[in-house]
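Chemist: Let me see the structure of the following:
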Amino acid sequence: MKAAILYKSGITPQYNEIETPTEIGEHQRLITVKAAAVKNLDKARVNGKHYASYNTFPTVVGIDGVGVLEDGTRVYAQGVTGMIAEKAIITDNFTPVPHDLDDITAAALPNAVLGSAMPLLIRGKLQEGQNVLFNGATGVTGQVAVQIAKFYGANQIIVTGRNERILEQLKSYGATHIVSLKGTDEEIKDKLAAIHKETPIDMVIDYLWGKPISLILDVLKGGAIHHKSHTTKIITAGDMAGKEISLSSAILRSSAIEILGSGFGSLSESELIVFNKVILPELFLLAANKKLHINTEVYPLEKIEEAWNLQIPSGSRLVIKIA
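Modeler: Now for the predicted structure:
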């Protein structure tokens, strides 16, 4: 079969022939892959910069994708073997894809949904009518997160970011306030403080960490001894602006801020089953009805080497079309 094959850690996967996987274990199935997304996690594993990096070669790359089972059922699944290939092995923990949802969108959405719905619904436990701030919302996951928040009943949806074109676009997705991170520290804090005073922020989904979250903490922290601050959950789901911050004990002692993380390590096996069996199917249907959107850049499998090293436009997901 044809596949994207990694021959050595740190080099670009190559389009070549490799033996079709045949050792199918219990609760496993063979899938004919139609499309697979390339994400930061895929690239980190290939570059040897992730704890789950590849260590045997040659190997087929790709974590997940969309394809057809032997009985004709079209599904999304994570692979036991690499998914950027004509064939792969998956487990029984798959998600059926609606008839009206195309392969490209179905392949692109799950990682963005995992990075948005899980911090919002599972870790943050969003309630209808709450006010949510998405810090760093101009990426693929942030754009999906805004749409999901609106779907699940968020009231005010505040977004921050540096790409002003995408910030404006997020208004059509449901954002009610936009804050450019290109301003000075004081301008950013003043704008966020005014929003927080008018409509107190209940939850922050943070994709940046670093300096931007430090500014938000300054806005949310308490001050007066007899003043009870508003309870705000901060859920960190990324660190694009820095991996570390300086956090004063006084900030947590003087406020009702709660800080949580959202990632594979923070999610239980049962919560991941809920993702595959409840949340993702619901959002697949939303996308099939043209009410959930994601921008994609599509390349055929035979151009994997060219596509892998492309600078994909901000806010778009690279998807490899296989068949």
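
Chemist: For stretch 176-192, give the distance from the opening residue to the closing one.
Modeler: Start-to-end span of stretch 176-192 (C-alpha to C-alpha, to the nearest Å) is 13 Å.

Chemist: The lengthiest strand in the chain - what's its average pLDDT?
Modeler: For the chain, the strand with the greatest residue count under DSSP state E is strand 28-38. For strand 28-38, mean pLDDT is 97.

Chemist: just checking, what packs against it?
Modeler: strand 64-69, strand 74-78, strand 87-91, helix 103-117, strand 316-321 (3 or more C-beta pairs under 8 Å, 6 or more residues apart in numbering; DSSP states H and E). (Glycine included, C-beta is placed from N, CA and C.)

Chemist: switch to 6 Å and redo it
Modeler: strand 64-69, strand 87-91, helix 103-117, strand 316-321 (3 or more C-beta pairs under 6 Å, 6 or more residues apart in numbering; DSSP states H and E).

Chemist: I'd like these as TSV, with mean neighbour count and distance to Val179 appended.
Modeler: Shown next, in TSV, are those (neighbours: other C-beta atoms under 10 Å; distance: least, C-beta to C-beta, whole Å):
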stretch	mean neighbour count	distance to Val179
strand 64-69	24	33
strand 87-91	22	41
helix 103-117	25	19
strand 316-321	22	23
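
Chemist: how many neighbours does Gly263 have?
Modeler: 14 (other C-beta atoms under 10 Å).

Chemist: measure it to Arg123 for me?
Modeler: 9 Å (C-beta to C-beta, to the nearest Å).

Chemist: Contacts only, for Leu283.
Modeler: Contact analysis of Leu283 by C-beta atoms under 6 Å, 6 or more residues apart in numbering lists Val113, Leu292.

Chemist: Alpha carbons of the helix or strand that contains it, as CSV, please.
Modeler: Per DSSP states H and E, Leu283 falls inside helix 280-288. The C-alpha trace of helix 280-288 is given here as CSV (Å, rounded to 0.1, in the frame of the first residue of the first chain):
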residue,chain,number,x,y,z
LEU,A,280,-18.0,14.3,18.7
PRO,A,281,-21.2,12.7,17.1
GLU,A,282,-23.2,15.8,18.1
LEU,A,283,-20.7,18.2,16.7
PHE,A,284,-20.3,16.1,13.5
LEU,A,285,-24.1,16.6,13.0
LEU,A,286,-23.7,20.3,13.6
ALA,A,287,-21.0,20.4,10.9
ALA,A,288,-23.1,18.3,8.5
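
Chemist: what about that helix, distance to the chain center?
Modeler: 15 Å (C-alpha atoms, centre = their mean, to the nearest Å).

Chemist: what element comes up after that helix heading to the C-terminus?
Modeler: Following helix 280-288 in sequence, per DSSP H and E, is strand 295-300.

Chemist: Give the buried residues for that following strand.
Modeler: Thr296, Val298, Tyr299 (16 or more other C-beta atoms under 10 Å).

Chemist: Same question for stretch 233-245.
Modeler: Lys233, Ile234, Ile235, Thr236, Ala237, Gly238, Asp239, Ala241.

Chemist: ok so, going back, looking at the helices and strands packed on strand 28-38, which is closest to Lys197?
Modeler: Counting by C-beta to C-beta, Lys197 lies closest to helix 103-117 out of the helices and strands packed on strand 28-38; the figure is 26.7 Å.

Chemist: which is the next helix or strand following that closest one?
Modeler: strand 132-135.
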